[in-house]
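Q: need a 3D model of the following:
(2 chains)
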Amino acid sequence: DSGVTQTPKHLITATGQRVTLRCSPRSGDLSVYWYQQSLDQGLQFLIQYYNGEERAKGNILERFSAQQFPDLHSELNLSSLELGDSALYFCASSADRRGEQYFGPGTRLTVT
Amino acid sequence: AQSVTQPDIHITVSEGASLELRCNYSYGATPYLFWYVQSPGQGLQLLLKYFSGDTLVQGIKGFEAEFKRSQSSFNLRKPSVHWSDAAEYFCAVGLGGQAGTALIFGKGTTLSVSS
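A: All right, here's what the predicted structure looks like:
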């Protein structure tokens, strides 16, 4: 158990819909990262938050957004969903800036 | 651009045999390097990390990795593989940054263990 929790574990929704994925980092970790894992693209970095502020962006679509709240949990919002958004979405947290990240169990999103 | 290459998509090793998984990276500076393991339906577990110093690093579950700057490699090794090691292994490079570092992952190597 990494100490990072993600909810829900599975999510099935229709094209055009909007969903919210939630992540709680390890106690004391200020950084939260979101990654997408798909068969064709592999593991891709989406976005990072540090203590409530956005710090880095990767290959995140404009339809996707995230935020980190004062209690340090984070939410990833995916809107206008397309079939190609079906993937595993991981959250990771870190206590240092060297990249030692601990991953949650992931949320499997299926868009039908 | 930074990149990570894992040349072997799938490797099969006999139980008890030694293992080496290859990883090459492309990065301008000395990178932070990581190996993660993912079992089916699970999240990623950190096996080991390299930041600086001794180029041979030890990790969990009996794994080790060696950083070779001249070859831009960070290969993962285990002297004797157990059936429970069957999983997907990912090499990653940390990009670095003031408040943290995003990871760039290789495509992964799937390890199968035969009896």
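Q: mind checking which helix or strand of chain A has the lowest mean pLDDT?
A: Taking all helices and strands of chain A together, the one with the lowest average confidence (mean pLDDT, DSSP states H and E) is strand A:53-57, at a mean of 91.
Q: secondary structure element for residue A:109?
A: strand A:107-111 (DSSP states H and E).
Q: same question, residue B:112
A: Remark: residue B:112 resides in strand B:109-114, with elements defined by DSSP H and E.
Q: number of nearby residues for residue B:21?
A: Using other C-beta atoms under 10 Å in any protein chain shown, the number of residues around residue B:21 comes to 24. For every residue, glycine as well, the C-beta is placed using N, CA and C.
Q: for beta bridges, what are the partners of the closest residue in space to it that isn't next to it in sequence?
A: The spatial neighbour of residue B:21 that comes closest, neighbours along the chain excluded (C-beta to C-beta, 6 or more residues apart in numbering or on different chains), is residue B:76 at 4.4 Å. Assessed by DSSP bridges, residue B:76 has beta-bridge partners residue B:21, residue B:65.
Q: now residue A:45
A: On the basis of DSSP bridges, residue A:45 is bridged to residue A:35.
Q: check contacts around it.
A: Neighbour list for residue A:45: A:33-35, A:56, A:58-59, B:102-104 [criterion: C-beta atoms under 8 Å, 6 or more residues apart in numbering or on different chains].
Q: which pLDDT value belongs to it?
A: Residue-level confidence at residue A:45 comes out at 94, pLDDT.
Q: do residue B:98 as well
A: In the predicted model, residue B:98 carries a pLDDT score of 55.
Q: measure how buried the spatially closest residue to residue B:73 that is not a sequence neighbour is and give me the count.
A: Nearest residue to residue B:73, sequence neighbours excluded (C-beta to C-beta, 6+ apart): residue B:24, at 5.3 Å. Neighbourhood size, residue B:24 [other C-beta under 10 Å]: 17.
Q: taking strand A:53-57 as reference, get the angle to the helix or strand hosting residue A:43.
A: Of the helices and strands defined by DSSP H and E, residue A:43 is found in strand A:42-50. Going by axes from the mean of the first three to the mean of the last three C-alpha atoms, to 10 degrees, strand A:42-50 is angled at 150 degrees with respect to strand A:53-57.
Q: got the contact list for the most centrally placed residue in chain A?
A: Ranked by distance to the mean C-alpha position of chain A (C-alpha atoms, centre = their mean), the top residue is residue A:34 at 3.4 Å. Applying C-beta under 8 Å, 6+ apart to residue A:34 gives the contacts A:23, A:45-48, A:60, A:66, A:74, A:76, A:89-92.
Q: again, 7 Å this time
A: Residue A:34 sits next to A:46-47, A:66, A:76, A:89, A:91 when contact means C-beta atoms under 7 Å, 6 or more residues apart in numbering or on different chains.
Q: how about residue A:52?
A: Contacts of residue A:52 were listed using C-beta under 7 Å, 6+ apart, and they are A:68, A:70.
Q: how many other residues sit next to the residue of chain A found nearest chain B?
A: The shortest separation between chain A and chain B is 2.9 Å, found at residue A:99 (distances taken as C-beta to the nearest C-beta). Residue A:99: 26 surrounding residues under other C-beta under 10 Å.
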